[in-house]
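Visitor: Take a look and give me a structure for this.
(2 chains)
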Amino acid sequence: MFNPLRLCPRTGMLFLFLFSFSADAMQLPPPVRYWHGAVFGEGDKDPFSALASPSLLATATAALSAYSTWPFGMRSVPLNAVAAMLPIRNMGIGMQVMQFGNQYWKEQELSGGAGIRLGKPVQAGVQFGYRSKAVVQYGSSGQVVAGAGFRWKMGKRWTSAMQVIRRDYTQYFAGIGWQPSPDFLFSVEGTNTIHKDYYGTVQAFSRLAPALALQLAVTGLPAYLQTLVMITIRQLRIDIGAALHQQLGLTPSVTVVWQKQ
Amino acid sequence: MAADLEIRAILTRCKKQVAQGFQAFIKSRHHTVKAFACLLLYLAVIRQANGQERKTPGERQSPAEQQFPAKRRLPGDQQLPPKRKLPAEQHLPAEQQFPVERELPAEQQLPAEQQLPAELQQLLENETAATTSASEDDEQWQQLAYRQKHRLSLNAADLQDLSSLGVLSPLQLQNLQQYKKLLGDLVSIYELQAVPGFDPALIKKLLPYVKVGDDLQAHYTPGELFRKGEQSILLRYGRQLELPKGYAPKDTLPPSYSGSPGKLFIRYRYNFSQRLSYGVSMEKDAGEGFFKGGQQAGFDFYSAHLFLANYKAIRYLALGDYAVNLGQGLLQWHSQAAGKGGAVLQVKREGPVLRPYTSAGEYYFFRGAAVTARIARLDITAFTSLRKLDGTLAVTDTIEDERIATAVASSGYHRTAGEIEKKAQLTQYSNGISCRWNGAWQAALNLISHNFSPPIKKEIKPYNQFDFQGNQLLNISADYAGSFRNMHLFGEVAADKSGNIALLQGLLMSAGNYADIAMVYRNYSKQYQSLYSKGFGDSYKTMNESGLYMGCSIKLSRQWSLDGYADFFKFPWLKYGVDYPSGGTEFFSQLSFAPRKTSQYQLRVKLAAKYPDREASKSIRCQAEQAWSKQFSTAARVEYSRVTTTESASQQGFLTYFDLTYRCRKLPLQAGGRCTWFYTDSYQSRLYAYESSVLYDNSVGQYYGKGWQYYINLKYKIRKNWTVWAKCSQMYYPAVTSIGSGLDKIDGNRKSAIQLQTILNF
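Guide: Predicted coordinates:
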């Protein structure tokens, strides 16, 4: 007979493990890379995209990654992050550290998440974290961030995903992806803003060659165009990206991922 | 039957293997042998299935024999009594015994509807929305109609001929070329299914214009070229029934419009296999005189052309009126040009460098002589033109009293005294040269020069201070196009005399069997000057714009497809009506569902936002087309639009129409009609819809206000070579007492028009 008490030590450990770290991309800067897209397909995952959609952690492989960007080309306020993920039986866990700003103003996030398989077609994940903001001579403040996500493989080619994140407001994500072959993925995702506006993100991913892939994403609000070139060399993957905001300019980014095959 | 199934199974497997092998070949050459072997097997099975001889009884029977097996002899006691013959007086005549519904002979039946393809209809709608007037250029339509009667041989036609159809994208053309290069000429039209990227929907669009077989290229003497072709005469008359204010006399003064309200267009054309074409066109717009006023020579516009193609070393020779298309349109493009719309992958300008000009439009053409000579793979084109343009002249307030042109008019109207005064005031002398290399990659250098007399000097305003002024305009450009694996790259860079640059770079990419992607980056300097350019972009002027366009076409399944694009653009300088640098984004998506060959449904959503005034527009369109039988088909559309600006409240627009088309079986008659209801809050939220009209007439309805519109189209084939059309239409605005403004104002709330056309071929 099923005894729920047997799960307590595991759940407790999970809670403690996740409690001290925070999750997800920051409000500022605006999304320079569309991390959510990976949840709609079976392909290139990395710790950042897995932590952005924690249900992906359920199918995690051991990986380590680093990310750096200059929002709108501003070198004085870079954003740097490192993340790792690890599979544990039918689960996966991940953690992430991110810093944005400089010594006068900075935001820091400590992230953690876990995902679990609930049968073959469904995966679920949770994320917890802590975000702090510090301004010189003004002190600092912090808030807890939490979220949950679900991923459902509806068919051979279709995948849908939903996510809820609670920060200073509750943000919902829902989308669907179509992957007719491992070399092509198309997805559409909708989400809401703090002002109760809704916008969508459309993504197309295409593997041009075994070592080269291209990701294009268009976000509606604010209007953003993101492109990413992924170069894979054995277990190492380098993603070079750029996001274009019409009025604020170009945001370059680079991600390095080491992933165990 | 079992053997048939087996053959079909083998055919299907072989086709798949060939297609897969060919795709793999694109990535790696290791599958070449496998694909080749499968194709040989496939062709052998086709021949076997087609040429199988009747075997003796007991072996495989033909399908006909299986449907109607040989009669069995009944036993003697079950045999039927012998037939009794009727007396002679009771015999009915043969045709009354078993009356058969007689169909018309093939030559009297109306051909498949020569309607403008859906992509060109959309292009016209977009062009009309941007320029508020429908283009009169029908050359592409004439080409397609000609190709329906004289199909292009897929094996013999070159790349330019196939691309000029406007059906195949560069990627698809590349695949077809690669397929023919690898496996030889096509054996059957059905073999198109084996070409990668050719799905049933595309083949259905292409089939009316192409054929396989009969690939011998006949050689004709010059005399035969002039004798063996087809001649046609087109006469078109149209008229608005309610007379606008411009036709009414004002007190003792004559009416403002000097002529009659009828619009008359006559065109004679001789065409031989697209190799020789000559003809004349004459046109008179409504309100223009006829042998009086400003038109003492009869018609207001005369045009003549002689066009020779593929004669020895001459690729094209044009005398008279002709159109020139260079590169990607940054320098020179006379013909219709695709822009943003439902065909998200049609972003590349394609077409022959020289084309005969036979349309009724009075602006987008050259008048003179042009020639393209082909030396191996090099095409050298040279052209010269001397013509008169309409313009407003003034005298400068200086000691020299210099005459200048303050504006150039392109409408072609010469109805009022003021318009007649502007007629042919400006002399334009144009020359140009283009050298194009047609290898695996194409590259070209183009140069064009325009000289004006008198010089053009517009009134300088902030938004037009960079427009062309002076008496000479010189442009140079370099363009290229080529394919690499599954990608097709194209681009052009152009410069004017002052060194201002316009740049366009595009990429078409096939992302597997399921998706194609298009990307275009353009950067047109705010100071770039050109005269007949039509570069890809948001505005119809090739200047003061930069942007990035991304389009994607996805085949979700055999029945479902999804197309969409996102365009981010910026105008660094002012524009007419916009007193600050601006920009915007535009998102478009279209979901198509074609459950059967006879029906299609589309859902289209378009969102656009402009800054800094935060103007936003949304548009949703649902369209359904259904062919119920060979005779009867319907179409319907429902469209909603909303425009929001910071200066005014949200403006909404709504339109719905229902189309009906009936093709009579026993008579060579076709009838079609439409009923439209529309409602818009203002002119800002106006809507456009392509209307079916007489053949070769581009008709796009503009809807604003509240009202109804209905029309009926009739087409009757009097003889094999003689067809007549008639169209009656009416616009009804229940809540107004007058329609229009100025000289086009009509008292009353109805606006009716008729159009009659006849085409005689001999």
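
Visitor: okay, which residue is most central for the chain?
Guide: In the absence of a named chain, chain A is used. Centre of chain A computed as the mean C-alpha position; nearest residue by CA atoms, centre = their mean is A:A52, 2.2 Å away.

Visitor: I was thinking of chain B, sorry if that wasn't clear
Guide: B:L120 (3.7 Å).

Visitor: Assign a three-state SS to it, would you?
Guide: helix (DSSP: H, G, I helix; E, B strand; the rest coil).

Visitor: try B:Y257
Guide: coil.

Visitor: How about the helix or strand that contains B:A145, which residues are buried there?
Guide: Under the criterion of DSSP states H and E, B:A145 resides in helix B:139-149. Buried residues in helix B:139-149, defined by neighbour count with 16 or more other CB atoms under 10 Å in any protein chain shown: B:E139, B:Q140, B:W141, B:Q142, B:Q143, B:L144, B:A145, B:Y146, B:R147. Placement of C-beta: from N, CA and C, glycine included.

Visitor: still on that earlier bit, contacting residues for the residue nearest to the centre of chain B?
Guide: Taking CB atoms under 8 Å, 6 or more residues apart in numbering or on different chains, we find B:L120 in contact with B:Q140, B:W141, B:G166, B:Q336.

Visitor: now the second one: how far from A:G177?
Guide: Separation of B:W141 from A:G177 (CB to CB, to the nearest Å) stands at 41 Å.

Visitor: low-scoring stretches of the stretch 251-400 of chain B, by residue?
Guide: B:397-400 (pLDDT under 70).

Visitor: Count the residues that sit near the closest residue to chain A within it.
Guide: As assessed by CB to the nearest CB, chain A sits closest to B:V344 within the stretch 251-400 of chain B, at 12.3 Å. The burial count assigned to B:V344 is 23, neighbours taken as other CB atoms under 10 Å in any protein chain shown.

Visitor: hang on, it packs against B:D563?
Guide: Yes. Contact criterion CB atoms under 8 Å: B:V344 and B:D563 qualify, at 4.7 Å.

Visitor: Need the residues touching each of those two.
Guide: Common neighbours of B:V344 and B:D563 are listed as B:G551, B:C552, B:S553, B:Q590 (criterion: CB under 8 Å, 6+ apart).

Visitor: next one: phi and psi at the residue nearest to the centre of chain A?
Guide: With angles defined as degrees, to the nearest 10, A:A52 sits at phi -70, psi -30.

Visitor: and B:F365, what does it touch?
Guide: Taking CB under 8 Å, 6+ apart, one finds B:S303, B:D321, B:Y322, B:A323, B:H334, B:Y357, B:S359 in contact with B:F365.

Visitor: in which helix or strand would I find the fourth one?
Guide: Assigned by DSSP H and E, B:A323 belongs to strand B:314-326.

Visitor: what's the answer for B:F290, then?
Guide: Using DSSP H and E, B:F290 sits in no helix or strand.

Visitor: quick one: low-confidence ranges for the chain?
Guide: No chain was given, so I picked chain A. In chain A, residues with pLDDT under 70: A:1-31.

Visitor: that's the other chain; I wanted chain B
Guide: Low-confidence segments of chain B (pLDDT under 70): B:1-114, B:214-218, B:397-401.

Visitor: ok, 50 please
Guide: Residues of chain B that meet the criterion pLDDT under 50 lie in B:1-2, B:29-30, B:49, B:51-113.

Visitor: Please point out which parts of stretch B:561-570 sit buried.
Guide: So stretch B:561-570, judged by 16+ other CB under 10 Å, has buried residues B:S561, B:L562, B:D563, B:G564, B:Y565, B:A566, B:D567, B:F568, B:F569, B:K570.

Visitor: Using CSV, write down the CA coordinates of stretch A:187-194.
Guide: Extracted as CSV, the C-alpha positions of stretch A:187-194 are listed here (Å, rounded to 0.1, in the frame of the first residue of the first chain):
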residue,chain,number,x,y,z
SER,A,187,6.5,26.9,-31.6
VAL,A,188,4.1,29.5,-30.5
GLU,A,189,3.8,30.7,-26.9
GLY,A,190,1.6,33.3,-25.3
THR,A,191,2.1,35.1,-22.0
ASN,A,192,0.9,38.1,-20.0
THR,A,193,2.5,41.3,-18.7
ILE,A,194,2.1,43.1,-15.4
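
Visitor: Is it in proximity to chain B?
Guide: No. Counting by CB under 8 Å from any CB of the partner chain, chain B is not contacted by stretch A:187-194; separation bottoms out at 8.9 Å.

Visitor: Can you give me the buried ones in that stretch?
Guide: Buried residues in stretch A:187-194 (16+ other CB under 10 Å): A:S187, A:V188, A:E189, A:T191, A:N192.

Visitor: Can you name the residues in contact with that stretch?
Guide: For stretch A:187-194, contacts defined as CB under 8 Å, 6+ apart pick out A:36-37, A:40-41, A:161, A:168-169, A:171-178, A:198-203, A:221.

Visitor: what's the answer for stretch B:588-598, then?
Guide: B:201, B:204, B:340, B:342, B:344, B:559-566, B:600-607, B:626-628.

Visitor: The residues you listed, buried ones only, as a PyMOL selection?
Guide: To isolate the buried members of those in PyMOL, using 16+ other CB under 10 Å:
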select buried, chain B and resi 201+340+342+344+561+562+563+564+565+566+600+601+602+604+606+607+627
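
Visitor: Report the spatially nearest residue to B:E647, omitting neighbours in sequence.
Guide: Using CB to CB, 6 or more residues apart in numbering or on different chains and skipping the chain neighbours, the partner closest in space to B:E647 is B:D613 (7.3 Å).

Visitor: What of B:G213?
Guide: B:S153 (7.7 Å).

Visitor: Show me what that neighbour is bridged to.
Guide: On the basis of DSSP bridges, B:S153 is bridged to B:K211.

Visitor: Pull up the gap between it and B:R147, please.
Guide: B:S153 is 11 Å from B:R147, by CB to CB.

Visitor: Determine the residues that are contacts of both of these two.
Guide: B:V210.

Visitor: The contacts of B:F365: which two are farthest apart?
Guide: B:S303 and B:H334 (13.2 Å; CB to CB).

Visitor: Which neighbours do the two have in common?
Guide: B:Y357, B:F365.

Visitor: So which bits of the stretch 101-250 of chain A are right by chain B?
Guide: A:178, A:180-181, A:183-184, A:186, A:202, A:204, A:206, A:208-209, A:216, A:218, A:220, A:223, A:225, A:244, A:246-247.

Visitor: If anything else comes up later, I'll come back, but that's it for now.
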